[in-house]
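> Provide a 3D model corresponding to the input given below.
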Amino acid sequence: MIQSVPAATLLGVDGHAVQVEVHVGRGLPSFTVVGLPDTSCREARDRVRAAVVSSERTWPDQRVTVNLAPTNLRKVGPGLDVAIAVGVLVASRQLPAARVAGRAFLGELGLDGTVRPVAGVLPLLDVLSGLDVVVPAGNLAEARLLRPDARGVASLADLRRALMTGSGWAEVDVSPSPDCSPRSGPDLREVRGHTVAITALEVAAAGAHHLLMTGPPGAGKTMLAERLPGLLPDLDDTAALEVARVHSAAGELRAGAGLDRRPPLRAPHHTATLAALVGGGTSRLRPGELSLASGGVLFLDELGEFPAGHLDALRQPLESGLIRVARAAASVTLPARVLLVGATNPCPCGVGRWGNCRCSPAQLARYRRRLSGPLLDRFDLQVEVDPPDPAAALTTAPTGVTTSQLRERVGVARAIAARRGVRANRELTGELLEVHAPLSPEGRALLRSRLEEGSLTMRGAQRVRAVARTLADLDGDEGPVEVEQLAGALVLRRSDRPVEAPAW
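Below you'll find the predicted structure:
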């Protein structure tokens, strides 16, 4: 007898529909899995056999062949175990075919018959529309973010009982638990000084402009970066679901947390591998830190300690908002719409111009080579963070500027950008800049002079123009971009080369 059971497999952050075809017929007792399974998927034959026997069912003393269609698609992970087990039970006439018609099954099986959670339930559900879906009980809260009608089971025995009687499905409280509720991050009111850096944070949040902070150790770069996500507005339904899908595919979605509306913050260590940073690394091409930060902030602390190749791999995704990971077996497209924040010391010893630098010219050259010109050109904002004055650090009051106050201003600027048809001003390029950020004659002359002297590339000039548009939006000025706003954008782009507005 042949039985076909719908299921799905995961590649990157996308699900792919799979038909699990099970044939039980005459021949020497054996169990074969074909259809391009990876190692963990091929090992299902041992897990499924043990789970069926442990669930007090009879394993057929016949030839069992499992085909995973389509056969040109790589099947990865243990998520097809339950579908294979159901197919075997139906094909061996231990479960009526009518009981599984119109249903899809996801889950890994333990040797004792328990149904264990799998990664990527949300993207897997995307390709199983029109079917009643059965998922592991541990994935039920996650599945109901997308499919309120999803069913959950804790074991293969419970699954058979539920299919036969219609009762015994797992229940779960899908209301967010207190432990998983969104927590407020650190507040800007705790910051002392750093007026220029706080302005840069506000502009970065309002226009989604990439930010690079340079300064000696202890100056406050990490403290400032950790407060940036608090300035970002909440995610809308589409963006929040996209973030949840990526975290689900990586197996990092918090159970019972509900749909998180706050933008994510990822801060990988500088020893992270290239695959961990951009994605890939396994047969299912797992999303990396770049994709896990999509919709939020990717903070690279000690930027100068990252390998140069890792940093240059970010250049294309920062422009396109996507990263295409290609391997011999498969290729996937992963989201990479991040706000990049980098923090670096001026030199290996960390002192730079703020003290007695002990670095040799060779050390300085080697350190600076890690940050290539094209990568630096993608940072719209480049500010220096001076260390606090020791005498004033204990006596100066905090700035008084709170995260909630700046978030309101950022929200107004983002709303203005949305009326232009973009999420943030950094997406203004080419013709959109001409329409929404027209230059005054003096401003055009200022940018032309910077291009002619070589201090700006054409990309850099566009980014300066977009930052100036953001500065104007924060001031409530929706008119043409004036020279003062361009001068401010140039100052924020490289504070060690201040630009004065020319007196025309």
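> for Ser30, phi and psi?
Note on Ser30: backbone dihedrals following degrees, to the nearest 10 are phi -160, psi 170.
> distance of it from Ser55?
To Ser55, Ser30 is 21 Å away according to C-beta to C-beta, to the nearest Å. Quick note: C-beta positions are derived from backbone N, CA and C, even for glycine.
> how about His269?
44 Å.
> neighbour count winner among these two?
For His269 against Ser55, the residue with the higher neighbour count under other C-beta atoms under 10 Å is Ser55, and the figures read 20 against 12.
> who are the contact partners of that one?
For Ser55, the set of contacting residues under the criterion of C-beta atoms under 8 Å, 6 or more residues apart in numbering consists of 113, 155-157, 160.
> where does pLDDT dip in the stretch 151-300 of the chain?
Within the stretch 151-300 of the chain, the stretches with pLDDT under 70 are 172-184, 255-257.
> all strands of it, in order?
According to DSSP state E, counting those that start in this stretch, the stretch 151-300 of the chain carries its strands in the segments 151-153, 211-214, 265-266, 297-301.
> what is the burial count for the closest residue to His209 other than its chain neighbours?
Here the nearest residue to His209 in space, its sequence neighbours aside, is Asp380; by C-beta to C-beta, 6 or more residues apart in numbering that works out to 3.7 Å. The local packing count at Asp380 equals 27, with neighbours defined by other C-beta under 10 Å.
> now the longest strand that the chain contains: how far from the chain's centre is it?
Longest strand of the chain, by residue count under DSSP state E: strand 14-25. For strand 14-25, the distance from its own C-alpha centre to the chain's C-alpha centre is 30 Å (C-alpha atoms, centre = their mean, to the nearest Å).
> domain assignment for the protein?
As assigned by automatic domain parsing, the chain contains the domains 2-165, 188-387, 428-499.
> quick one: those domains as a markdown table, columns for distance to Thr402 too.
As requested, these are exported to a markdown table (distance: least, C-beta to C-beta, whole Å):
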| stretch | distance to Thr402 |
| --- | --- |
| domain 2-165 | 32 |
| domain 188-387 | 5 |
| domain 428-499 | 16 |
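> least confident secondary structure element in the chain?
Sorted by mean pLDDT, DSSP states H and E, the helices and strands of the chain end with helix 390-393, the least confident at a mean of 60.
> any idea which helix or strand comes after that helix?
Once helix 390-393 ends, the next helix or strand along the chain (criterion: DSSP states H and E) is helix 403-419.
> Asn67 falls within a strand, correct?
Yes. The secondary structure assignment for Asn67 places it in a strand, going by DSSP: H, G, I helix; E, B strand; the rest coil.
> neighbours around the residue lying closest to it once chain neighbours are set aside, how many?
In space, and not counting its chain neighbours, Asn67 is closest to Glu21: 4.3 Å by C-beta to C-beta, 6+ apart. Residue neighbour count, defined by other C-beta under 10 Å, stands at 19 for Glu21.
> please apply the same query to Thr165.
Counted with other C-beta under 10 Å, the neighbours of Thr165 add up to 9.
> from Val115, how far off is it?
The gap separating Thr165 from Val115 is 18 Å, by C-beta to C-beta.
> and for Pro229?
In this structure, Pro229 and Val115 are 36 Å apart, going by C-beta to C-beta.
> more crowded one of these two?
Neighbours per residue, other C-beta under 10 Å: of Pro229 and Val115, the larger number sits with Val115, 30 against 21.
> for the more buried one, helix, strand, or coil?
Following three-state DSSP, the label given to Val115 is strand.
> same question for Leu451.
For Leu451, the assignment made with three-state DSSP gives helix.
> correct me, but it touches Val464?
No. Counting by C-beta atoms under 8 Å, no contact exists between Leu451 and Val464, whose distance comes to 10.2 Å.
> so for those two, which sits in the more crowded spot?
Legend: neighbour count by other C-beta under 10 Å for Leu451 and Val464, higher for Val464 (26 against 14).
> and that one, that's in a helix?
Yes. Counting by three-state DSSP, Val464 is located in a helix.
> ok, it - contacts?
With contacts defined as C-beta under 8 Å, 6+ apart, the neighbours of Val464 are 380, 447, 450, 456, 486, 489-490, 493.
> neighbour-wise, give me the winner out of those.
Within the contacts of Val464, most neighbours by other C-beta under 10 Å means Leu486, with 30 neighbours.
> quick one: residues in contact with the helix or strand hosting it.
For Leu486, the host element (DSSP H and E) is helix 483-493. Identification of contacts with helix 483-493 by C-beta under 8 Å, 6+ apart yields 196, 199-200, 203, 379-383, 439-440, 442-443, 446-447, 450, 460, 463-465, 467-469, 471-472, 477, 498-502, 504.
> chain center to it, what's the gap?
Between the centre of helix 483-493 and the centre of its host chain there is 31 Å, according to C-alpha atoms, centre = their mean.
> average pLDDT for that helix, rounded please.
Helix 483-493 carries an average pLDDT of 91.
> can you show me the CA trace of that helix as CSV?
Coordinates of the C-alpha atoms in helix 483-493 are reproduced here as CSV (Å, rounded to 0.1, in the frame of the first residue of the first chain):
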residue,chain,number,x,y,z
VAL,A,483,23.3,74.4,3.0
GLU,A,484,23.2,74.4,6.8
GLN,A,485,21.6,71.0,6.9
LEU,A,486,24.2,69.7,4.4
ALA,A,487,27.0,71.1,6.5
GLY,A,488,25.5,69.4,9.6
ALA,A,489,25.4,66.1,7.7
LEU,A,490,29.0,66.5,6.7
VAL,A,491,30.0,67.2,10.3
LEU,A,492,28.2,64.1,11.4
ARG,A,493,29.8,62.1,8.7
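> which residues in the stretch 51-200 of the chain form helices?
Along the stretch 51-200 of the chain, the stretches classed as helices by DSSP state H, counting those that start in this stretch are 81-91, 121-126, 140-143, 156-165, 195-207.
> grab the nearest non-local neighbour of Asp126.
With C-beta to C-beta, 6+ apart, the residue lying closest to Asp126 is Gly15, at 5.3 Å.
> which residues does the residue nearest to Asn67 bridge with?
Ser4, Asn67 (DSSP bridges).
> any idea how far it is from Gly288?
Glu21 sits at a distance of 34 Å from Gly288 (criterion: C-beta to C-beta).
> kindly report the same for Asp38.
When distances are taken as C-beta to C-beta, Asp38 and Gly288 turn out to be 19 Å apart.
> quick one: which of these two has more around it?
Neighbours around Asp38 and Gly288, counted as other C-beta under 10 Å, are more numerous at Gly288. The numbers are 26 against 17.
> which one is the more buried one nearest to, not counting chain neighbours?
Per C-beta to C-beta, 6+ apart, closest to Gly288 is Gly279, 3.8 Å.
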